[in-house]
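J.: the sequence isn't on hand, but the structure is:
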């Protein structure tokens, strides 16, 4: 029979899961993911980097979405539906794995400690991500979490099923292989265990050998299956990618989630000596620090890049609060004296810290819902929806502008690029660095994107072409030498690159087949008439 606390625990987790499913049904799946699924479709058909599609992410970011691509083909469902089924399946499996680990890790603690962590993990898995549900950072977290908790058992020198440790290592290896930044989490935790046990060979365990095996197999697959990524894509990424997206370090550090994690670092240093679950707290602290590294190394303010930091820091906060509640028996207070009052005030501070990730999740869900409502109300969406089976090309440098049109209608895109961001990056690099070699590289890259796109347009002859007129974007303004701020500007003229294309004689000839139909929202619409 279930105990009352277990009934409450599972009821709360089930409620969060059902709420998540209802919310996800109302918001847009991010175009980053469905673009990778479209690449996966081309990859399965024999496509290659550079010649058949252009993508900056490593091959594992394609491989990891091949299952929902195959599900979509097998069951005749949309990419968005198959992706949600896939993501929920992985997350629920990871949650069940972690629940069994929490029970073993916290068997000598009070039940509310496990309940707190379990419920918060459910919230972090299913509510916090909002529109980033299924993103690469999200999949890294859910695939890596069982391994992280197994390392807690290792640090406590507790035994766990050998087969499950191997499974945790395989899952973690797949999650880590998506981006090189993710390896920092694994390396920090392994370094902690090696130093703790003063044995350099302690890293050779079932789960770590499984991770190493996955990474080695993956490295070989890159050379065999996708060598173009190393020879063609990486040189372009190293030159152009962060010119387009990076923000100053001071802006990254002033983000609320970074300040929040810094507060937790301070609280940990102050309270860890009084805590019972020292190993759990130490590993969550290292994971939080690695989440900060992952976020900073990517140089951007994109929400999904903060998911590892937000998830690990929220679990660390939950563990710190649970330790304090357990140590001070705040549920059994009868008389309120001065010392008890101090404890209550400190408890309120901890509780407020605990509500911060909840606030992020609610804010993200509301923002995602508004984005979906705005999109489905756009006249361009209605036009695309009324032209199933046709092809549409959009002059934009923003993938989030592009892909909802193709994900939620039955129109197709003719391009090998997710959007025209690489032209913007080349122009910014050319304006920043005047060295002849750099100028030539920027010009060659622009010509490559333009000529490849024109080839695609000539081959596919899209029925409609949308030219983005206005865009919402984040701009960084320098107030003085050390302080930067961010400001969201609305109705900013979009950098659509149409004028650049019009300088090309091939495109001029192609463009003679299109006639202006009018402005719809932020877009000028042209239709093919011959």
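T.: In hand now; what should we look at? In this text the structure is predicted, and so the values were computed from the model without any measurement.
J.: and the helix ranked longest in the chain, what does it pack against?
T.: Ranked by residue count under DSSP state H, the longest helix found in the chain is helix 338-376. Judged by 3 or more CB pairs under 8 Å, 6 or more residues apart in numbering; DSSP states H and E, the packing partners of helix 338-376 are helix 111-126, helix 256-271, helix 307-328. No exception for glycine: its C-beta is placed from N, CA and C like everyone else's.
J.: run the angle between whatever helix or strand comes next after the first one and helix 111-126 for me.
T.: Along the chain past helix 111-126, the next helix or strand (assigned with DSSP states H and E) turns out to be helix 136-155. Per axes from the mean of the first three to the mean of the last three CA atoms, to 10 degrees, the angle that helix 136-155 makes with helix 111-126 is 150 degrees.
J.: can you pull the buried residues of the helix or strand that comes right after helix 136-155?
T.: Moving toward the C-terminus from helix 136-155, the next helix or strand (DSSP H and E) is helix 162-176. Across helix 162-176, burial judged by 16 or more other CB atoms under 10 Å covers 164-176.
J.: closest one to residue 297 out of those, please.
T.: Residue 297 lies nearest to residue 176 out of these, by CB to CB, at 14.3 Å.
J.: any idea how far residue 319 is from the nearest residue to the closest one once chain neighbours are set aside?
T.: Nearest residue to residue 176 in three dimensions, chain neighbours excluded: residue 182, at 4.8 Å (CB to CB, 6 or more residues apart in numbering). According to CB to CB, to the nearest Å, residue 182 and residue 319 sit 22 Å apart.
J.: now do residue 105
T.: For residue 105, the distance to residue 319 - CB to CB - is 10 Å.
J.: residues shared between the contacts of the two?
T.: Counting by CB atoms under 8 Å, 6 or more residues apart in numbering, the residues touching both residue 105 and residue 319 are 277, 280.
J.: for the residue nearest to residue 176, give me its contacts.
T.: Residue 182 is in contact with 140, 144, 175-176, 294, 308, counting by CB under 8 Å, 6+ apart.
J.: tell me the buried residues in whatever helix or strand residue 69 lives in?
T.: Using DSSP H and E, residue 69 falls within helix 66-75. For helix 66-75, burial by neighbour count (16+ other CB under 10 Å) applies to 66-69, 71-72.
J.: can you check stretch 34-42 too?
T.: 34-42.
J.: same list, those, but as CSV with secondary structure and pLDDT please.
T.: Shown next, in CSV, are the buried residues of stretch 34-42 (DSSP: H, G, I helix; E, B strand; the rest coil; pLDDT from 0 to 100):
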residue, secondary structure, pLDDT
34, helix, 92
35, helix, 94
36, helix, 95
37, helix, 95
38, helix, 93
39, helix, 94
40, helix, 95
41, helix, 94
42, helix, 94
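J.: elements contacting whichever helix or strand comes after the longest helix of the chain?
T.: Note on helix 338-376: by DSSP H and E, the next helix or strand toward the C-terminus is helix 379-385. Judged by 3+ CB pairs under 8 Å, 6+ apart, helix 379-385 is in contact with helix 399-407, strand 464-468, strand 514-520, strand 523-528.
J.: worst average pLDDT in these?
T.: The stretch with the lowest average pLDDT out of those is helix 399-407, scoring a mean of 85.
J.: now that one and strand 464-468, what's the angle there?
T.: 160 degrees.
J.: name the residues that touch helix 399-407?
T.: 28-32, 34-35, 38, 78-80, 375, 380-381, 384, 392, 394, 396, 411-413, 418-419, 421, 468, 471.
J.: hmm, try it at 7 Å
T.: By CB atoms under 7 Å, 6 or more residues apart in numbering, the surrounding residues in contact with helix 399-407 are 28-29, 31-32, 34-35, 79-80, 375, 381, 384, 392, 394, 396, 411-413, 418-419, 468.
J.: and stretch 270-278, by the same measure?
T.: 109, 281, 319-320, 323, 327.
J.: give me the number of residues near residue 296?
T.: The number of residues packed near residue 296 is 16, by other CB atoms under 10 Å.
J.: again with the one 10 residues further on
T.: The local packing count at residue 306 equals 26, with neighbours defined by other CB under 10 Å.
J.: measure residue 75 to residue 412 for me?
T.: Relative to residue 412, and taking CB to CB, residue 75 is found at 20 Å.
J.: revised request: answer the last question for residue 312.
T.: 40 Å.
J.: same check on residue 300?
T.: Counting by CB to CB, the gap from residue 300 to residue 412 is 29 Å.
J.: equivalent analysis for residue 358, please.
T.: Where residue 412 is concerned, residue 358 sits at a distance of 40 Å (CB to CB).
J.: and if you look at residue 457?
T.: Taking CB to CB, one finds residue 457 at 13 Å from residue 412.
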